[in-house]
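quick one, what's the 3D model for this:
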Amino acid sequence: MSNELDGFEEEPSVEDVKLLPSAGGKSPAAAGKQPIVLIPYDVQEAMWGHALSAPSQEVGGVLIGRVNEGDPTVVTVEVALPAREAQASAVHITFTADSWEHWHRLLDEQYAGRVIVGWYHSHPNHGVFLSAHDTFIQENFFSAPWQVAVVIDPVRNEVGCFGWGGGEIVRMPHDHIAPPLQLFRPTDEALTTARADAGATSARSRAWWLGWGVAIALFIIVVMQTASLGRLSRVRDIREDVQTLRRGVSALQGEVATLRAEVGALRQGPAVAQATPGEWVVWKEGDSFEKIAEDAYGRRELGEVLRAINTLASERGRRPAAGDAVWVPAREALMPPPKPATSAQPGP
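Sure, this is the predicted structure:
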């Protein structure tokens with residue numbers, strides 16, 4: 001990657017950045033203030049390399065480093081660890097239990113004294129923002145006020161950092177990130193390849209629609225021929241052929257409906273319930289989200305999470321009635337695995 005990131009400049013020293021708290025010990029963290037985030041160029045380069053390795057689907061991982069809680073709090077990112085066997089598509093990513101177990105083991109064995117200070121993932125050709133699914137991950141797995149999220153679009157050549165400010169997830173201002181987040185040069189070979197891959201994907205989509213249109217045209221021609229040959233002896237055979245063609249067209253129409261649903265999901269933002277593994281549970285008389293959460297996870301307090309997910313998916317946010325189906329995400333998609341008994345604590 002070093003040859004591909006010629007646009008990266010020489011990294012300034014911490015002293016040059018002048019963002020650390022003054023000497024003399026830590027001062028109390030100011031409530032609601034955004035932290036200062038230090039992301040060295042080698043870490044930025046690693047995240048860009050991972051994003052460019054799969055320009056047609058999302059990839060990601062966690063950020064490992066140290067936290068100096070003060071006024072301001074300073075977060076130093078030391079390494080970006082990719083996710084192992086993450087569940088991903090072109091519009092979402094979910095970290096598996098294996099990924100969390102791997103990261104916690106590395107914290108104990110190789111990065112003693114460090115903590116998970118945030119996460120990163122790519123948005124291939126979708127721009128830099130946090131989707132509803134991304135927001136769910138940030139709120140449930142990276143909720144510490146100093147944990148951040150870096151988003152990279154390897155096709156549009158965009159990057160941004162999000163964090164907590166005033167209890168809300170906001171985009172980090174440029175003067176809170178050092179050194180500045182770097183972009184690829186538009187002429188960079190790796191970026192050109194990523195955009196070419198994205199263009200090829202779009203071309204395949206157009207070809208699929210063209211094929212569907214040809215199939216419909218053939219269907220209309222066959223129907224017209226059947227009407228004109230109604231008095232001929234082979235009308236029955238032709239009608240059987242038409243039925244076969246109709247079944248083929250029906251199958252194509254089903255695929256078109258699926259594609260339209262996916263396009264609608266991309267326009268409106270991915271729905272959390274559909275992007276996350278889980279199951280539909282029938283609401284019974286006397287049920288509550290807390291009771292369902294206790295049955296599914298053994299934790300009644302997660303009922304608020306289920307209520308939020310199903311409120312987004314319901315009509316005008318109405319309360320479920322008996323016989324309605326509510327979405328219950330799989331446990332591994334909703335909660336990280338238990339931390340090891342020797343979980344590392346933030347360093348000084």
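
helices of the stretch 201-348 of the chain, start to end?
235-268, 272-275, 289-297, 303-313, 331-334 (DSSP state H, counting those that start in this stretch).

hey, least reliable of those helices by pLDDT?
Of all the helices of the stretch 201-348 of the chain, helix 272-275 carries the lowest average pLDDT, namely a mean of 46.

can you list the buried residues in stretch 298-318?
Of the residues in stretch 298-318, those with enough neighbours to count as buried (16 or more other C-beta atoms under 10 Å) are 302-303, 305-307, 309-310. Quick note: C-beta positions are derived from backbone N, CA and C, even for glycine.

same check, this time on stretch 156-176
Judged by neighbour count (16+ other C-beta under 10 Å), stretch 156-176 contains these buried residues: 156-165, 169, 172, 176.

next: stretch 91-109.
By neighbour count, with 16+ other C-beta under 10 Å as the criterion, the buried positions of stretch 91-109 are 91-96, 99-100, 102-104, 107.

and which of the residues you listed is nearest His133?
His133 lies nearest to His92 out of these, by C-beta to C-beta, at 4.9 Å.

wait, that closest one touches Glu58, no?
Yes. Judged on C-beta atoms under 8 Å, His92 makes contact with Glu58 at a distance of 6.3 Å.

domains for the chain, by residue range?
Using automatic domain parsing, the domains assigned to the chain come out as 14-192, 203-268, 278-329.

pick the most deeply packed of these.
Among these, domain 14-192 has the highest mean neighbour count (mean count of other C-beta atoms under 10 Å), at a mean of 18.

show me what the host helix or strand of Arg105 is packed up against.
According to DSSP states H and E, Arg105 maps onto helix 97-109. Using 3 or more C-beta pairs under 8 Å, 6 or more residues apart in numbering; DSSP states H and E, the elements in contact with helix 97-109 are strand 60-68, strand 115-122.

show me where the protein has its strands.
Assigned by DSSP state E, the strands in the chain fall at 36-38, 60-68, 74-82, 87-88, 93-94, 115-122, 148-153, 158-165, 168-171, 177-178, 278-282, 325-329.

would you turn those into a markdown table with mean pLDDT and distance to Met224?
Converted to a markdown table, the strands of the chain look like this (pLDDT from 0 to 100; distance: least, C-beta to C-beta, whole Å):
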| stretch | mean pLDDT | distance to Met224 |
| --- | --- | --- |
| strand 36-38 | 95 | 66 |
| strand 60-68 | 95 | 53 |
| strand 74-82 | 95 | 57 |
| strand 87-88 | 76 | 46 |
| strand 93-94 | 85 | 49 |
| strand 115-122 | 95 | 49 |
| strand 148-153 | 96 | 48 |
| strand 158-165 | 94 | 51 |
| strand 168-171 | 94 | 58 |
| strand 177-178 | 92 | 65 |
| strand 278-282 | 91 | 44 |
| strand 325-329 | 91 | 44 |
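
let's have these in CSV, adding distance to Leu218.
Written out in CSV, the entries for the strands of the chain read as follows (distance: least, C-beta to C-beta, whole Å):
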stretch, distance to Leu218
strand 36-38, 58
strand 60-68, 44
strand 74-82, 47
strand 87-88, 37
strand 93-94, 40
strand 115-122, 40
strand 148-153, 40
strand 158-165, 43
strand 168-171, 51
strand 177-178, 57
strand 278-282, 38
strand 325-329, 39
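
before we move on, the earlier item: just put the buried residues of stretch 156-176 in CSV and tack on distance to Phe289.
Conversion of the buried residues of stretch 156-176 to CSV gives the following (distance: C-beta to C-beta, whole Å):
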residue, distance to Phe289
Arg156, 39
Asn157, 42
Glu158, 37
Val159, 37
Gly160, 33
Cys161, 33
Phe162, 28
Gly163, 29
Trp164, 26
Gly165, 29
Ile169, 23
Met172, 33
His176, 37
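
and which of these is nearest to Leu252?
Out of the buried residues of stretch 156-176, the member with the shortest distance to Leu252 (by C-beta to C-beta) is Arg156, at 32.2 Å.

for that closest one, give me its contacts.
125, 127 (C-beta atoms under 8 Å, 6 or more residues apart in numbering).

can you tell me the centre-most residue of the chain?
When the chain is reduced to its mean C-alpha position, the closest residue under C-alpha atoms, centre = their mean turns out to be His92, at 3.5 Å.

and the pLDDT at it?
Here the pLDDT value assigned to His92 is 76.

try the one 4 residues further on
Thr96 is assigned 87 on the pLDDT scale.

I'd say it and Pro277 touch.
No. At 9.7 Å, Thr96 and Pro277 do not qualify as touching, with contact defined as C-beta under 8 Å.

thinking again about what came up before, right, and the helices and strands packed on helix 97-109 - which one's nearest Trp48?
Distances from Trp48 to each of the helices and strands packed on helix 97-109 were compared by C-beta to C-beta, and the smallest falls on strand 115-122, at 9.3 Å.

other SSEs contacting the closest one?
helix 41-52, strand 60-68, strand 74-82, helix 97-109, helix 132-141, strand 148-153.

again, only using 10 Å
For strand 115-122, the helices and strands in contact under the criterion 3 or more C-beta pairs under 10 Å, 6 or more residues apart in numbering; DSSP states H and E are helix 41-52, strand 60-68, strand 74-82, strand 93-94, helix 97-109, helix 132-141, strand 148-153, strand 158-165.

distance from the chain centre to stretch 80-98, please.
Going by C-alpha atoms, centre = their mean, to the nearest Å, the spacing between the C-alpha centre of stretch 80-98 and its chain's C-alpha centre is 8 Å.
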